[in-house]
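> Any chance you can model this:
(3 chains)
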Amino acid sequence: MSSIAQKQGFGAMIWDYLTTVDHKKIAHLYLTSGGLFFLIGGIEAMLIRIQLMKAGNDFLSAGTYNEVLTMHGTTMIFLAAMPILLAFMNAVMPLQIGARDVAFPFLNSLGFWLFFFGGIFLNLSWFMGGAPDAGWTNYASLALASEGHGIDFYTLGLTISGFGTLISGINFLVTIINMRAPGMTYMRMPLFTWTTFVASALILLAFPPLTIGLFFMVFDRMFGANFFDVANGGNTIIWEHLFWIFGHPEVYILILPAFGIFSEIFAIFSRKRLFGYTALVFATILIGFYGFMVWAHHMFTVGLGATANAVFALATMIIAVPTGVKIFNWLLTIWGGSIKFTTPMIYAIAFIPSFVAGGVTGVMQAIAPLDYQLHDSYFIVAHFHYVIVGGVVLAIFAATHLYWPKMFGTMLSEKLGKITFWFFFIGFHLTFFIQHFLGLMGMPRRVYTFGADQGWDLFNAISSVGALFMAIGVIVLLINVVITTVKNERVGNDPWEDGRTLEWAIPSPPPFYNFAQTPLVRGLDTYWIEKMEGNKEGMLYAEPLEEIHMPNGSIIPVIMSFGLFVASFGALYFLDGDKSWPLPVLILGLLITFGSMLLRSLKDDLGFHISKEELIEDAKGGKMDGSK
Amino acid sequence: MIKGLKKWRLFALMTALVVFLAGCGREEISTLIPAGEVAQDQFNLLILSSIVMAFVILVVTIIYVLAIVKFRRSKVGEDLIPEQVEGSAKLEFLWTSIPIVLLLILAVPTVYSTFDLADVSTMDVQAEDGEGMTHLTVNVTAKLYWWEFEYPEQGIVTAQELVVPTGERVYFNLISADVKHSFWIPSIGGKLDANPENVNTFYLTFDQKSSELEDGVFYGKCAELCGPSHALMDFKVKTLEREEFDTWVAAMQEEATPAEGALAQEGEQLFGADGAGCIACHAVSGSGKGGVMQGPNVATFGDRNRVAGFMEHNEENLKKWISDPQQYKPGNLMPDPKSLNDGKDFTEQELDALAAYLMSLSVEE
Amino acid sequence: MDLNKRYTPQTWPDHPETATMEGKNKFVGFWLLLAAETVTFASLFATYLALKDKGPSGMEFAAADLFELPLVFAMTMILLTSSLTSVYAMYHMKNHNFKAMQAWLMVTVLLGATFLGLEIYEFNHYVHLGFGYTHSAFSAAFYTLVGTHGAHVLFGLSWFIALMLRNAKRGLNTYNAPKFYLVALYWHFIDVVWVFIFTVVYLMGVIG
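Sure, this is the predicted structure:
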């Protein structure tokens, strides 16, 4: 197994990634494709800022602008931020709890390929008659009125990728519940594992309402149902409810893992145990819990009535409390520590003021009467970019630097990393701080142009300059990745030297079977405990070296997802009525999917074993670099 | 060196000042320059919450700066292993309870104001002598990229320019005729959505005469993405004192007078049923009901502040607009001029005539 | 895992469905999936309640006179019985009595198929009255809620049949026991959802 075939051809590598069920390789896939979509979404963002850099600009037409803004939001949320976070969850969480792999390796692969084909499908809309243009919220009345197939790409694409995400959520939950190493009690789990756990629970409960809403939209647009058709008794507010019952937890699905990443970073680079670990865990759970009871604060201006608005306003304010608890615990973690300003750490340091700024504007918007002014203005654009860029994207960049050695066995350049940071950080504040004021000055969001008579020219120009800075930062990061990959200087288990949790006790990158022997966990920050006690072997182990059972790789996830991809084209063009091919394509696609599903369930897949001798060989040769 | 630094500091200060002053925006549209009771209430909430939030930011910043200055590794030493503190129940209690107190400070005015702004119970109250309503009600219908304003008690309809009296509550019934829109006059008060399925009601108070403004009108916006020309779905608000408003209403209720002057008369001919038939969608009389005509009422066209809601109000722009509406407001529902004019574009002469006629439509003296 | 290991009722574990790590994972994972399914149906129920009796102005259909309780009551009884027979099957699975398990599963499948047939008959009947899928918001919400349940029944039946055929020759082991257990669990879930449909859609529709 691992002792053979060190060097493989390009084709073999592709085949390996197509069939892999290894959580670490799936993490590579998520990171690469999420990163690709992040670049696409970033280009769309630049187009938006170019269009708005001066009054009355005609760089983009009105219709194209709406497509760009819709795809920017949809891509960034569903196809960039979430998958990249899933990449880190996949890469790190099983290692943090000392698991062999996730609970369902096959489903892990299936989840990725569903997301991937869903994302590709959605983006193909650009080349096939126009992208969706009703905003990422896709409000029903506008979506039903939208011509062409843009909205259908949105609904079908998100349905497919949504299934993928749901599968991943269930997978992580089961992994954390069932596969923790001996001694790894819930209250010894690293905070990133905890936030993965809560975020997965949110995925589990939040995605079904979205899926149902998308189904309604599909049925209305393609099969003549009347869920949202007011003339036939439908009600468009139902979409808003379903969307936001999903949509609000969704922002916590994004931000909680970000909190987890920063919690790890603060502890590592302050060389100090997390202050108030228990409080941080309960704050995470509370935020997840409240996340489901505040959706209507996105709908204060819909006309739900004073009572509903007041109740949801108060419920929303409560969320500030656990979030504040987290901020102060992080501050006290740094306090009294020994701070090393590495690239991940400066992202974490920068995160605190950025996120606090986004958080306080969130509380301001919870004040329902004030929100009547702020809602759908540039103030809200500023707010959610402060929390998502200032929280999630900074976390993604920080984690990229932090976990790059663990994922690829080599360190990103610290120098270039800091250059990226400064460009991105300055650009971020330059772009979005000023947008608060644009909103207060009366500028509605999602406008493709504005008149010179509105008094918004200067601030929009400043904002566009900021966006350029952010773009430069991202380009430097890409250069960094290329240079690092070419240099390929290998690193050891604990390249940051102050690692505290289990993932730093294993080689970088880990062998494909993870820990040869399951470690024994003796407390929070278990690797740190062993280090402090001077354990030469790195860890204590809970079992003798034995043969390891591993799952087989499989191409079926790719085929299943591809089937749905094909079927979606059939469904999309089916109701045009003027073509003969859509129905056969729809049926063919579904046959591929269900056929491969049946094949999977009928064919016994018992996996294979790695013998003890091979493991010993591996350990001796030091060839634990994950290549199979 | 020091001189250069001083200059730089002065420059930075000036820049900051310019940005700060520009930060309030234009009085016609900025929420930071409230011109009505509702906007004033909301502005007060903004200030209150900003103060509370500034306090939070201050506390965080102080701890934060102290922490990153005091505990740098270069300062505390490379080999220091800090004490591994577990936490502190006292501190946790402290930073749980203080935010709760701060939130309570915000919660009370929030709840009060939420109910206050939604209180439309006086809307249908009759005057003591039984003569009409004490308050003005306007039925607003949002349509693909324009607004219709019906005054049901006065029996008049107008479009694109809302005319209201100052110093009293004006009640609005909002509905959409197509997709969802949102009705927003930033300097007067927050927005409320115009949904396709239900009527939303709220009130606003206009405390300043619009004639005092540089542009003579307040700016209104559609705040909900509604299609390609969402950005252009503007309307304007004229606020008049009560007597002026009553005069305006009376003028609106009169029958439209025939056009004067040869060019305008030619335009009227062309506008009418025997010409291009514009009148099938655009009423030229202010009296009537809302929701009847497909297009905006043009009875006050000559009095308006903008062409098509956003272009400067002159015959030049009007002619451009009529000759190619899709170019200026993509996705709007005005028919292609050719389809109205026997397959031909309007000639320059015809455009001049139409413009002259439309500009002559006025109810103001 | 050794597929060829032969079990006797004596060596058969007390909880064969969770005897292996894979079984334990499937067990937890499936309960989580059912949580997601619950939210799915909750969304459908909420939508149905919001759109009940809503349609174009002057709509001639209303829940109160459209639904016919006797047929639906019969369907309910059949599905409830099938849930009971699947319990018998699981009882025999735990006792390592493969033949009896297969027999009871067969009964379950037949009852489920009958239910599905009656549901198709019911839908067909409404469509012939003019209450088609595209008729109104009410019809869309009704068919989508009840039809989603029907699709679950169909999927459950296919799953039962696939498992029964695949394992007909090789009997029970700890590899397939979790699979049988999960499909039975799924079947109970479908049954519970139907009880809610019967109450909320039909009983409250006709009476309330």
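> How much space separates A:Glu489 from A:Pro405?
10 Å (Cβ to Cβ, to the nearest Å). To be clear about C-beta, it is placed using only N, CA and C from the backbone, and glycine gets the same treatment.
> Which one's more surrounded, these two?
Higher neighbour count among A:Glu489 and A:Pro405: A:Pro405, with 23 against 9, using other Cβ atoms under 10 Å in any protein chain shown.
> got the buried residues for the helix-or-strand element of chain A with minimal mean pLDDT?
When each helix and strand of chain A is scored by mean pLDDT, DSSP states H and E, helix A:612-621 comes last, with a mean of 81. Counting neighbours by 16 or more other Cβ atoms under 10 Å in any protein chain shown, one finds that the buried residues in helix A:612-621 are A:614-615, A:618.
> Any chance of these in CSV with distance to chain B as columns?
As requested, those are exported to CSV (distance: Cβ to the nearest Cβ, whole Å):
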residue, distance to chain B
A:Glu614, 39
A:Leu615, 34
A:Asp618, 33
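> Ignoring the adjacent residues along the chain, who's closest to the closest residue to chain C within the stretch 101-250 of chain B?
The nearest approach of the stretch 101-250 of chain B to chain C comes at B:Glu197, 9.9 Å away (Cβ to the nearest Cβ). Nearest non-adjacent residue to B:Glu197, counting by Cβ to Cβ, 6 or more residues apart in numbering or on different chains: A:Val230, 4.8 Å away.
> I figured the one you found was touching A:Thr236, is that so?
Yes. Contact status for A:Val230 versus A:Thr236: in contact at 6.8 Å, counting by Cβ atoms under 8 Å.
> Tell me which stretches of the stretch 201-350 of chain B form strands.
B:218-222, B:235-240, B:306-307, B:311-312 (DSSP state E, counting those that start in this stretch).
> Looking from chain A, tell me which residue of chain B is nearest.
For chain B, Cβ to the nearest Cβ, closest residue to chain A: B:Gly190, 2.3 Å.
> contacting residues for that residue?
A:301, A:369-373, A:375, B:38-39, B:42, B:117, B:184 (Cβ atoms under 8 Å, 6 or more residues apart in numbering or on different chains).
> Same check on A:Leu331?
Counting by Cβ under 8 Å, 6+ apart, the residues that A:Leu331 touches are A:352, B:60, B:63-64, B:67.
> now swap in A:Val389 and tell me
A:Val389 neighbours (Cβ under 8 Å, 6+ apart): A:354, A:428, A:432.
> Assumed it was part of a strand.
No. Counting by DSSP: H, G, I helix; E, B strand; the rest coil, A:Val389 is not part of a strand but helix.
> low-confidence ranges in chain B?
Low-confidence segments of chain B (pLDDT under 70): B:1-23, B:126-134, B:365.
> From A:Ser270, how far out is A:Phe192?
Applying Cβ to Cβ to A:Phe192 and A:Ser270 gives a distance of 16 Å.
> For the residue of chain C found nearest chain B, report the pLDDT, please.
In chain C, the residue that lies nearest chain B is C:Lys54 (9.9 Å; Cβ to the nearest Cβ). Looking at C:Lys54, its pLDDT is 92.
> Does the top helix by length along chain B pack against any helices or strands, and if so which?
Assignment by DSSP state H gives helix B:37-70 as the longest helix of chain B. Helices and strands touching helix B:37-70, by 3 or more Cβ pairs under 8 Å, 6 or more residues apart in numbering or on different chains; DSSP states H and E, are helix A:306-334, helix A:343-366, helix A:368-374, helix B:89-117, strand B:189-194, strand B:200-205.
> can you tell which of the ones you listed is closest to B:Gly290?
Of all these, it is strand B:189-194 that lies closest to B:Gly290, at 13.1 Å by Cβ to Cβ.
> which residues touch the lowest-mean-pLDDT helix or strand in chain C?
Within chain C, confidence by mean pLDDT, DSSP H and E is lowest for helix C:63-66 among all helices and strands, at a mean of 86. Helix C:63-66 is contacted by residues C:52-53, C:126, C:129, C:131, C:138, C:201, C:205-206 when judged by Cβ under 8 Å, 6+ apart.
> could you point out which element follows that helix?
Under the assignment DSSP states H and E, the closest C-terminal helix or strand after helix C:63-66 is helix C:69-94.
> Just the buried positions in the helix or strand just after that following helix, please.
Going down the chain from helix C:69-94, the next helix or strand is helix C:98-129, by DSSP H and E. Buried residues in helix C:98-129, counted by 16+ other Cβ under 10 Å: C:98, C:101-102, C:104-105, C:107-109, C:111-116, C:118-119, C:122-123, C:126.
> pLDDT score for C:Ala168?
At C:Ala168, pLDDT is 88.
> residues touching the residue nearest the centre of chain A, list them.
Per Cα atoms, centre = their mean, the C-alpha nearest to the average position across chain A is that of A:Met82, at 1.6 Å. Going by Cβ under 8 Å, 6+ apart, A:Met82 touches A:34, A:165, A:253-254.
> Close to chain A: what parts of chain C are there?
By Cβ under 8 Å from any Cβ of the partner chain, the residues of chain C that approach chain A are C:1, C:3, C:21, C:24-25, C:28-29, C:32-33, C:35-37, C:39-40, C:43-44, C:46-47, C:50-51, C:54-56, C:59, C:133-141, C:144, C:162, C:166, C:175.
> Try it again at 7 Å.
C:1, C:3, C:24-25, C:28-29, C:32-33, C:35-36, C:39-40, C:43-44, C:47, C:50-51, C:54-56, C:133-134, C:136-138, C:140-141, C:144, C:162, C:166 (Cβ under 7 Å from any Cβ of the partner chain).
> again, but for the stretch 251-365 of chain B
Within the stretch 251-365 of chain B, the residues that sit near chain A (Cβ under 7 Å from any Cβ) are B:310, B:330.
> buried stuff in stretch C:72-91?
C:72, C:75-76, C:78-79, C:81-83, C:85-86, C:88-90.
> Now do the SS call for B:Thr141.
Assignment for B:Thr141 (three-state DSSP): strand.
> what's the neighbour count on A:Ser561?
28.
> er, A:Ala145 actually
A:Ala145 has 16 nearby residues by other Cβ under 10 Å.
> again with the one 10 residues further on
Here the count is done by other Cβ under 10 Å, and A:Thr155 has 26 residues near it.
> Next: C:Phe189.
20.
> pretty sure it belongs to a helix, no?
Yes. C:Phe189: assigned to a helix according to three-state DSSP.
> which strands and helices sit next to the helix or strand containing A:Phe289?
Using DSSP H and E, A:Phe289 maps to helix A:277-290. Helices and strands touching helix A:277-290, as assessed by 3 or more Cβ pairs under 7 Å, 6 or more residues apart in numbering or on different chains; DSSP states H and E, comprise helix A:191-223, helix A:237-270, helix A:306-334.
> how about the ones you listed in a markdown table, adding mean pLDDT?
Converted to a markdown table, the helices and strands packed on helix A:277-290 look like this (pLDDT from 0 to 100):
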| stretch | mean pLDDT |
| --- | --- |
| helix A:191-223 | 95 |
| helix A:237-270 | 96 |
| helix A:306-334 | 95 |
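> of all the ones you listed, which lies closest to B:Ser287?
helix A:237-270 (34.8 Å).
> Return the residues in contact with the closest residue to B:Ala299 other than its chain neighbours.
Nearest residue to B:Ala299 in three dimensions, chain neighbours excluded: B:Gly286, at 3.9 Å (Cβ to Cβ, 6+ apart). The contact partners of B:Gly286, taken as Cβ atoms under 7 Å, 6 or more residues apart in numbering or on different chains, are B:156-158, B:252-253, B:297, B:299-300, B:363.
> Show me the strands in the stretch 401-550 of chain A, by range?
Using DSSP E, counting those that start in this stretch, strands in the stretch 401-550 of chain A cover A:548-550.
> can you map out the helices along it?
A:414-440, A:457-487, A:526-532 (DSSP state H, counting those that start in this stretch).
> Is the helix or strand in which B:Phe183 is found in proximity to chain A?
Assigned by DSSP H and E, B:Phe183 belongs to strand B:181-185. Yes. Using Cβ under 7 Å from any Cβ, strand B:181-185 comes into contact with chain A via B:182, B:184.
> Quickly run through the sheet partners of that strand, with directions.
strand B:189-194 (antiparallel), strand B:218-222 (antiparallel) (DSSP bridges).
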